[in-house]
Structure formats: structure tokens, C-alpha cells
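In: Everything below, folded, please.
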Amino acid sequence: MSENIPLPRSLQEIVGALLFASETPLTAAEIRESVRAVKAEEGENREVMEIYESCTSREVDAALKGLGKALDVAGCGFKLVCAAGAYRIQTAPSCGRYVRAMLKLDRPARLGRASLETLAIIAYRQPITKSEIEEIRGVDVTANLKTLMDMQVIRLVGKSELPGHPFLYGTTPIFLEHFGLGSLQELNDLDPTLQRSNPRLKAAAYKKAGKTELEMAAEAREASEAAAVATEASKEKQNDENTDETGGADGDAGDVLGL
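Out: Okay, the predicted model is just below:
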């Protein structure tokens, strides 16, 4: 090694260089392994190198946090992101249009509303069957599932215990990377009200209580039917109130059409 090349000033500097050079996201463990693999060469300051050779997981985590803050403060157009448990440096979303223009790329494909709704159901209710998704959405989701499978944001995770043993769907690490999520737990953090209805948490409770998936499905169906009845009753009540206030639905239509 040339004596003219200085040693890194900090572990944070090394971590930044590793993430910048890597073609794929790196976990904290992979970063630590790469740092510890380098040994001091002849003529180098061994005391400094030994600090890097013996770095701990806590020190790597601190270096990652420091790097993230430094990039945010610098405002240099890219940021540190943790997705699916791995770290990467990526361009800031606000600069996306300029990067696409420079690379002469078309606008990225976006999911349609139907596919996005299907993906949201899978993300919050996984593992879930196709029929359960269709029961929630009220429409056939075959095309939506194919689109999501082609994008590799969902996958088959097993088979249900229900009659016919239908396939169960769940999200993939690519889903987490695409939406910049560190784990599925962050979905619950976005909306705590959905966490209470998370089937993974329910499944654990049912298993502890000695209930089967068939019993779980029956209870879920009863809850769904009860919710549907309550919703319909609420709509009827709202329609009655609107009719009393306006003198009837036909009168409203006439006003809107100018008749």
C-alpha cells in the first residue's frame, strides 16, 4: 500500500465507501465483516487499524446512523435508506425527474388503483388466500395478482388448511425495498388501528387458544358479515336523513340537472 494514501478518518467514512461501491444493499453484519477483514499492512498505523479490525455491531450501527444524518445535513441529492434489513445509498425522491431525464428513462410504471388496493390487503392481512382478498374487495383479483407476481412484490407462501388447500399470498423483500420499509412492522406503525386486526397477531392468539384455521375463518366471516350489516344500516339511515332534508332523491336529481 502506498504511504501517500491516508487511512480512513472514521468508521463512518468506511461504511459510506462500502455502501457507495456495493452493487447490492448491505446488511450491518456484512458491513462489519468487510471492515474486520482488512488487516494492517507494513508501515501502517496498527493501533488505528486494530480499532477497525475489532469494530462491534453497535459501532457499525452508530456509524450508519451518523452517515444518514451527515447525508441529510449535506443535502447532496442522495440519502441512506434501510429496506428489508439492508442498507443502500439512493438518490433523493425529489431529484428523481432529473435523474430519469439524464438517463433518458421513461416515467416509472405505477400500480393501478385496483392492484394497489390488492397489494395493501395482502400486506396487512398476509398470509391470505385469493378468495379472502376477493371477499374484501368484492371483485375478481386474478389479473391484479398476476401483475403483482410479475413485479415480484408478492409471492406464494404456502397453502391454507381450508377445504381445497388454496394458496396463501404474502409480500416479498422487494416489496419492502420498493416502499422503503425496514420491516412489515412499520406498516402497523403507519396506522396503529390496523395492527389490532393483523392476522399474524390473531393467528398467534388463536394458536395459543387451541383453535384451528377453520375456526379462525368462521369467526372472521361472522365479523365480516356483521360489519357489512352495520355498514348497510348506516347507509340506509344516511339516505333517510338526506331524503328528509331535500324532499326526496328525485328532487335532488332535478336540481343537479337543472330540470
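In: Can you give me the buried ones in stretch 10-21?
Out: Neighbour-count burial for stretch 10-21 flags 11-12, 14-16, 18-19 (criterion: 16 or more other Cβ atoms under 10 Å). Heads up, the C-betas are built off the backbone N, CA and C, glycines and all.
In: And stretch 79-93, by the same measure?
Out: Neighbour counts over stretch 79-93 (16+ other Cβ under 10 Å) mark 79-84, 86-89 as buried.
In: Same check on stretch 69-76?
Out: For stretch 69-76, by 16+ other Cβ under 10 Å, it's Leu71.
In: just to revisit the earlier point, and the buried residues of stretch 10-21, which is closest to Val35?
Out: The shortest gap between Val35 and any of these belongs to Ile14, at 5.8 Å (Cβ to Cβ).
In: Touching, that closest one and Met49? I think so.
Out: No - counting by Cβ atoms under 8 Å, Ile14 sits too far from Met49 to count as a contact (11.2 Å).
In: who touches both of those two?
Out: Counting by Cβ atoms under 8 Å, 6 or more residues apart in numbering, Ile14 and Met49 have no common neighbour.
In: among the buried residues of stretch 79-93, which are in strands?
Out: 79-83, 86-89 (DSSP state E).
In: What is the lowest-pLDDT residue among those?
Out: Least confident of these in the model: Ala83, at 83.
In: ok, that one to Glu177 distance?
Out: 4 Å (Cβ to Cβ, to the nearest Å).
In: can you check Ala92 too?
Out: The value you get for Ala92 to Glu177, if Cβ to Cβ is used, is 16 Å.
In: What of Gly164?
Out: Taken as Cβ to Cβ, the span from Gly164 to Glu177 is 33 Å.
In: Settle it for me: which of those two has more neighbours?
Out: Glu177 (17 against 9; other Cβ atoms under 10 Å).
In: Next up, the contacts around the more buried one.
Out: So Glu177 contacts 25, 83-84 (Cβ under 8 Å, 6+ apart).
In: Swap in 7 Å and give it another go.
Out: 83-84 (Cβ atoms under 7 Å, 6 or more residues apart in numbering).
In: element containing it?
Out: If you go by DSSP states H and E, Glu177 is part of helix 173-178.
In: So for that helix, mean pLDDT?
Out: The model assigns helix 173-178 a mean pLDDT of 83.
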